[in-house]
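Participant: Pasting the sequence and the predicted model now:
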Amino acid sequence: MAKQKVHKATAKRFRVTRTKKVIKRYSGQDHFNARSSGKITRKKRRDTSLSSTLHKTVKMLTGTL
């Protein structure tokens, strides 16, 4: 049986850590950040963990399941 191929678009957007958490970048970072509040601007500087409902799907698409 052939190996499952990695979904490249998903692999670029998400990263699975050693402890099997799924990490993603905060959305909307490119431009128009001056209008958002300081709280949101600070939040966009860090990576955020993905909701638990999507963990299995992302792990399957990135080939780390």
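Facilitator: Received, thanks.
Participant: in the sheet, who's paired with the residue minimising distance to the centre of the chain?
Facilitator: Geometric centre of the chain, nearest residue: residue 24, 2.2 Å, by CA atoms, centre = their mean. Beta-bridge partners recorded for residue 24 (DSSP bridges): residue 14, residue 48.
Participant: Next, residue 19: phi, psi?
Facilitator: Residue 19 adopts backbone torsions of phi -90, psi 20, taken as degrees, to the nearest 10.
Participant: Counting neighbours, what do you get for it?
Facilitator: 5 (other CB atoms under 10 Å). To be clear about C-beta, it is placed using only N, CA and C from the backbone, and glycine gets the same treatment.
Participant: And residue 58, by the same measure?
Facilitator: Residue 58 has 20 nearby residues by other CB under 10 Å.
Participant: Assign it to helix, strand or coil.
Facilitator: Following DSSP: H, G, I helix; E, B strand; the rest coil, the label given to residue 58 is helix.
Participant: mind listing what it touches?
Facilitator: 10, 14, 16, 22, 50 (CB atoms under 8 Å, 6 or more residues apart in numbering).
Participant: let's see it at 10 Å
Facilitator: Residues in contact with residue 58 (CB atoms under 10 Å, 6 or more residues apart in numbering) are 7, 10, 11, 13, 14, 15, 16, 22, 24, 50, 64, 65.
Participant: Can I get the buried ones among those as something I can paste into PyMOL?
Facilitator: Per 16 or more other CB atoms under 10 Å, the buried members of those correspond to this PyMOL selection:
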select buried, resi 7+14+15+16+22+50
